[in-house]
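> Predicted coordinates and the sequence they were generated for:
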Amino acid sequence: MRTPRQVVDYALQRRAHLADVAAGRTSTADACDAGAYLLQAAAYHGLGTTTPCPLCRRDDLVNVSWVFGDRLGPVSGSARSADEIARLDDAAGEFTVHVVEVCRTCRWNHLVQSYVLGADDASGSGRRRRRTASP
């Protein structure tokens, strides 16, 4: 798999959201609002972590990766495993991956990270063009 580009980490936003819940500015019900589709994706496509849920502390979080891209066709907007993302990286044009952490017990969820993979050229061939200096 290629090195991810345009990586965005949402740790500060997550910390602020958790602080709002702790201070009572956001209800636990509003923070724990994972839908059925996200919970199902966590069960089938999620990657388990050893990080306990920051709210209920009863279950470890699961990271779910969602792929989005014009050249992905019907795959765009779906949850994919790490192996499937690696295959898309080799074959598809440029696409974005959004990683969401989910607690399957209390339904906590938050966007953790986003990044870009795939070919970064306009051809969409899935292969990068190498640029070399001419002698």
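Cool, the structure landed. Numbering: from 1, shown residues only.
> Report the separation between L72 and L47.
Noted for L72: a distance of 20 Å to L47, by CB to CB, to the nearest Å. In this view, the C-beta of every residue, glycine as well, is placed from N, C-alpha and C.
> who has more neighbours, the two?
More crowded of L72 and L47, by other CB atoms under 10 Å: L72, with 19 against 13.
> Shouldn't the more buried one be within a strand?
No. If the criterion is DSSP: H, G, I helix; E, B strand; the rest coil, then L72 is helix and not within a strand.
> That one and T3, how far apart?
Taken as CB to CB, the span from L72 to T3 is 20 Å.
> Any regions of the chain where pLDDT drops low?
1, 120-135 (pLDDT under 70).
> Recalculate using a threshold of 90.
1-5, 70-73, 75, 86-93, 118-135 (pLDDT under 90).
> hey, where'd the strands end up in it?
5-9, 47-52, 60-68, 78-80, 95-102, 109-117 (DSSP state E).
> Please spell out which residues along the last one are buried.
By 16 or more other CB atoms under 10 Å, the buried positions in strand 109-117 come out as 109-110, 112-117.
> Would you pull up how far it lies from the middle of the chain?
4 Å (CA atoms, centre = their mean, to the nearest Å).
> partner residues bridging the residue positioned nearest the centre of the chain?
Compute the mean C-alpha point of the chain, and by CA atoms, centre = their mean the closest residue is V99, 1.4 Å away. On the basis of DSSP bridges, V99 is bridged to S65, Q113.
> and if you look at R5?
Beta-bridge partners, per DSSP bridges, of R5: V116.
> how many neighbours does it have?
The burial count for R5: 12, using other CB under 10 Å.
> you'd agree it is up against L117?
Yes. With contacts defined as CB atoms under 8 Å, R5 counts as touching L117 at a distance of 7.5 Å.
> Since that was my last question, I'll sign off now.
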